[in-house]
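Colleague: Okay, structure incoming, though there's no sequence with it:
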């Protein structure tokens, strides 16, 4: 229980740092550390495959994509954030913490949970037999993402003129 | 077991709050996207924790993996979009996007 609380606190702390840190690279790295904590929590919850995905894909790949985007969009005059936003954040956070603590428990008793369906024997059976449609949708989503990136980075006539 | 569920959903709500706060108050497009990532972390934590507590962790795990794949696709597309916006406006300020013409 103590380890779980420590991991959850680490997750929230690094997520908070990701929005509070001024340097975007540090913010992206902080997000990666938060993903690492989430992956460890998944392992503790008995979901090792989700943990591996979280650590390798979210903490690894997405951080690289963020770092690449930050490097490509670096400019001298950064976007000026409102200073008040970061000052009043702890106030709102504590307020939400109190409301969350008071309301969440009663919400859990009021919201009925769906009955659990009988599960397969292994993760492979559940993923490939019960959730086959999800896998088809995943392939579709990946293709849509690839096509979108290709469309966004295609060279137009103007770009080719500039290159020449 | 209910206490454990409460603990996980409590922290997942905190993550969603942090993300929403950033989305509502900040102006940098990359930072806004970091906020979307934080919200998605909260949601995936809620999915897996609920599955673990309700004894259907395998199903929750497969849903979480689907969610992560969708998230990666979304990130790749959105970051490409952000780079294009930067090329056009020379800034990442979200307020400049209000000058878009339909």
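Modeller: Now that the structure is in, tell me what you want to look at. These figures come from a predicted structure and were not determined experimentally.
Colleague: all contacts plus neighbour counts: C-alpha atoms, from now on.
Modeller: Will do.
Colleague: Helices of chain A, start to end?
Modeller: Per DSSP state H, chain A has helices spanning A:2-20, A:24-44, A:48-53, A:63-72, A:83-110, A:123-125, A:132-152, A:157-163. These are given in chain order.
Colleague: Comparing the ones you listed, which stretch has the densest surroundings?
Modeller: For these, the stretch with the most neighbours on average is helix A:24-44, a mean of 23; neighbours defined as mean count of other C-alpha atoms under 10 Å in any protein chain shown.
Colleague: Check what contacts it and list those residues.
Modeller: The contact list for helix A:24-44 (C-alpha atoms under 8 Å, 6 or more residues apart in numbering or on different chains) reads A:4, A:7-8, A:10-15, A:17-21, A:48, A:50-55, A:58-60, A:63, A:66-67, A:70, B:30-31, B:34, B:38, B:41, B:45, B:48.
Colleague: what's the angle between that helix and helix A:2-20?
Modeller: 160 degrees (axes from the mean of the first three to the mean of the last three C-alpha atoms, to 10 degrees).
Colleague: pLDDT on helix A:24-44, on average?
Modeller: Per-region confidence: helix A:24-44 scores 92 on mean pLDDT.
Colleague: domains for chain A, by residue range?
Modeller: Each structural domain of chain A that the record assigns through automatic domain parsing is listed here as a residue range: A:1-74, A:121-155.
Colleague: Pick out the shakiest of those, pLDDT-wise.
Modeller: For those, the bottom mean pLDDT is recorded on domain A:121-155, which sits at a mean of 82.
Colleague: Is that one in proximity to chain B?
Modeller: Yes: for domain A:121-155, a contact with chain B is found by C-alpha under 8 Å from any C-alpha of the partner chain, at A:122-123, A:126-127, A:131, A:134-135, A:138, A:141-142, A:144-146, A:148-149, A:152-153.
Colleague: now the residue of chain A at minimum distance from chain B, nearest residue through space, not along the chain?
Modeller: When distances are taken as C-alpha to the nearest C-alpha, chain A approaches chain B most closely through residue A:145, which lies 5.0 Å from it. Spatial nearest neighbour of residue A:145, excluding adjacent residues (C-alpha to C-alpha, 6 or more residues apart in numbering or on different chains): residue B:73 at 5.0 Å.
Colleague: ok, longest helix in chain B?
Modeller: Among the elements of chain B assigned as helix by DSSP H, the one spanning the most residues is helix B:57-89.
Colleague: now that helix, how far from the centre of its chain.
Modeller: Taking the mean C-alpha point of helix B:57-89 and that of its whole chain, the gap between them comes to 9 Å (C-alpha atoms, centre = their mean, to the nearest Å).
Colleague: For the domains of chain A, give me a markdown table that also has distance to residue B:25.
Modeller: What follows is the domains of chain A, written out as a markdown table (distance: least, C-alpha to C-alpha, whole Å):
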| stretch | distance to residue B:25 |
| --- | --- |
| domain A:1-74 | 11 |
| domain A:121-155 | 28 |
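Colleague: closest to residue B:92 out of those domains?
Modeller: Relative to residue B:92, the nearest member of the domains of chain A by C-alpha to C-alpha is domain A:1-74, separated by 8.0 Å.
Colleague: and the end-to-end length of the closest one?
Modeller: By C-alpha to C-alpha, to the nearest Å, the extent of domain A:1-74 from end to end equals 43 Å.
Colleague: In terms of secondary structure, what does the longest helix of chain B contact?
Modeller: helix A:48-53, helix A:63-72, helix A:123-125, helix A:132-152, helix B:29-53 (3 or more C-alpha pairs under 8 Å, 6 or more residues apart in numbering or on different chains; DSSP states H and E).
Colleague: one more time with 7 Å, if that's ok
Modeller: When contacts are defined as 3 or more C-alpha pairs under 7 Å, 6 or more residues apart in numbering or on different chains; DSSP states H and E, helix B:57-89 packs onto helix A:48-53, helix A:132-152, helix B:29-53.
Colleague: Kindly state which of those helices is positioned closest to residue A:87.
Modeller: Among the helices and strands packed on helix B:57-89, helix B:29-53 comes nearest to residue A:87, with 16.9 Å by C-alpha to C-alpha.
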